[in-house]
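> okay, structure incoming, though there's no sequence with it:
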């Protein structure tokens, strides 16, 4: 007798909630972001909390964000109260309204979408996208001979720009 299959969305949701609860029991302040991608067949499911991002990157280097930041300035942008240029330099640009370990109520964002037909998936923290322009990231990915070299060049660019935060980069080549 096989146990019933649990849908991937539900598994990811439950896992993120358990991680959140464990952090709340362990630390009294602070928190962290979480962004993960699971690909099954031609579908991908993203579990997302905070301001790390998932991008689809075309073979031409064009980038498309697949996640929305859970930050104060992103919300103000969506409401038309800030321009993207104002948000980029806003003193509260790192204030998150949703993060692991950051109080209640808590609800992760779960996104299901088709896997892009070709190109790359880039998962990265704000230590990368916050200091290196998207156009430069896309060009680096397009022109680097290997995934490893692309990641190293992006980290080097973030550090050269001051590297004010931790830098996480995961780059996956999608099949054509």
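Good, I have the coordinates. Since the model is a prediction, treat every value here as computed from it, not as a measurement.
> can we go C-alpha only for contacts and neighbour counts from here?
Fine.
> contacting residues around residue 51?
Shown in contact with residue 51 (Cα atoms under 8 Å, 6 or more residues apart in numbering): 33, 68, 69, 70, 71, 96, 125, 126.
> select from those every entry located in helices.
Using DSSP state H, residue 126 are the members of those that sit in helices.
> need the contacts of residue 51 in CSV (columns: neighbour count).
Listed next are the contacts of residue 51 as CSV, based on neighbours: other Cα atoms under 10 Å:
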residue, neighbour count
33, 19
68, 16
69, 19
70, 22
71, 20
96, 21
125, 21
126, 22
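> tell me what the helix or strand hosting residue 112 is packed against?
Per DSSP states H and E, residue 112 falls inside strand 109-114. Judged by 3 or more Cα pairs under 8 Å, 6 or more residues apart in numbering; DSSP states H and E, strand 109-114 is in contact with helix 8-26, strand 43-49.
> of the ones you listed, which shows the lowest average pLDDT?
Sorting the helices and strands packed on strand 109-114 by mean pLDDT places helix 8-26 lowest, at a mean of 93.
> and that one with strand 43-49, angle?
Put simply, helix 8-26 runs at 20 degrees to strand 43-49, going by axes from the mean of the first three to the mean of the last three Cα atoms, to 10 degrees.
> elements contacting helix 8-26?
strand 43-49, strand 109-114.
> buried ones in the next helix or strand after it?
Beyond helix 8-26 on the C-terminal side, the first helix or strand identified by DSSP H and E is strand 34-40. For strand 34-40, a neighbour-count test (16 or more other Cα atoms under 10 Å) marks 34, 35, 36, 37 as buried.
> where does the last one land on pLDDT?
Read that as residue 37. Residue 37 is given a pLDDT of 97.
> what number of residues lie near the nearest residue to it once chain neighbours are set aside?
Closest residue to residue 37 apart from its sequence neighbours, by Cα to Cα, 6 or more residues apart in numbering: residue 46 at 4.5 Å. By other Cα atoms under 10 Å, 22 other residues sit near residue 46.
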